[in-house]
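Visitor: here are the coordinates; sequence isn't available:
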């Protein structure tokens, strides 16, 4: 199911999330309703560009920066954990269906954009 790097990314996400959940009382500090509202607004914006933009475009990467910032309300993921999140969106049926409800190619587009962001980005944990 994937190469060694992808496996490391999946493992990083699982380990970092488990550590964060344990340290924060299951993310008790997060306003989940607000997070879901913010992601809904963001995913609607991303969906508009799926057919006419590239994952590495400046505008797309600005949207992915917002996605990363929302994710950081839970914990600040490493680059690998962030790629692991993109893999999770693609591999988990419920997550794939949820994201693709915004656009049939959302998971593919967002996943590619998240990988590019992780390769280029700053603000990641170690």
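Guide: Sure thing, it's come through. The model shown is predicted, which means the values in this text are computed figures rather than measured ones.
Visitor: how near is the residue lying farthest from the centre of the chain to residue 54?
Guide: For the chain, the largest distance from the centre (C-alpha atoms, centre = their mean) belongs to residue 25, which lies 21.6 Å off. Distance, residue 25 to residue 54, using C-beta to C-beta, to the nearest Å: 40 Å. All C-beta spots, glycine's among them, are computed from the backbone N, C-alpha and C.
Visitor: residue 39 too?
Guide: 22 Å.
Visitor: higher neighbour count, those two?
Guide: Higher neighbour count among residue 39 and residue 54: residue 39, with 18 against 14, using other C-beta atoms under 10 Å.
Visitor: could you report the pLDDT at that one?
Guide: Looking at residue 39, its pLDDT is 94.
Visitor: hang on, it packs against residue 71?
Guide: No. Between residue 39 and residue 71 there is no contact under C-beta atoms under 8 Å: 9.1 Å.
Visitor: immediately after the lengthiest helix in the chain, which helix or strand?
Guide: Under DSSP state H, the helix in the chain containing the largest number of residues is helix 4-23. Downstream of helix 4-23, the first helix or strand assigned by DSSP states H and E is helix 32-49.
Visitor: what's the first helix or strand after that following helix?
Guide: Next helix or strand after helix 32-49 toward the C-terminus (DSSP H and E): helix 58-71.
Visitor: so where's the protein uncertain?
Guide: Counting by pLDDT under 70, the chain has low-confidence residues at 1-2, 122-126.
Visitor: again, 80 this time
Guide: Where the chain drops to pLDDT under 80, the residues are 1-2, 121-126.
Visitor: next, count neighbours for residue 99.
Guide: When neighbours are counted by other C-beta under 10 Å, residue 99 registers 23.
Visitor: so it belongs to a helix, correct?
Guide: Yes. Assessed by DSSP: H, G, I helix; E, B strand; the rest coil, residue 99 belongs to a helix.
Visitor: thought it was touching residue 92?
Guide: No. Here residue 99 lies out of contact with residue 92, judged by C-beta under 8 Å, at a distance of 9.8 Å.
Visitor: is it true that residue 50 touches residue 112?
Guide: No. Between residue 50 and residue 112 there is no contact under C-beta under 8 Å: 10.6 Å.
Visitor: alright, I will stop here.
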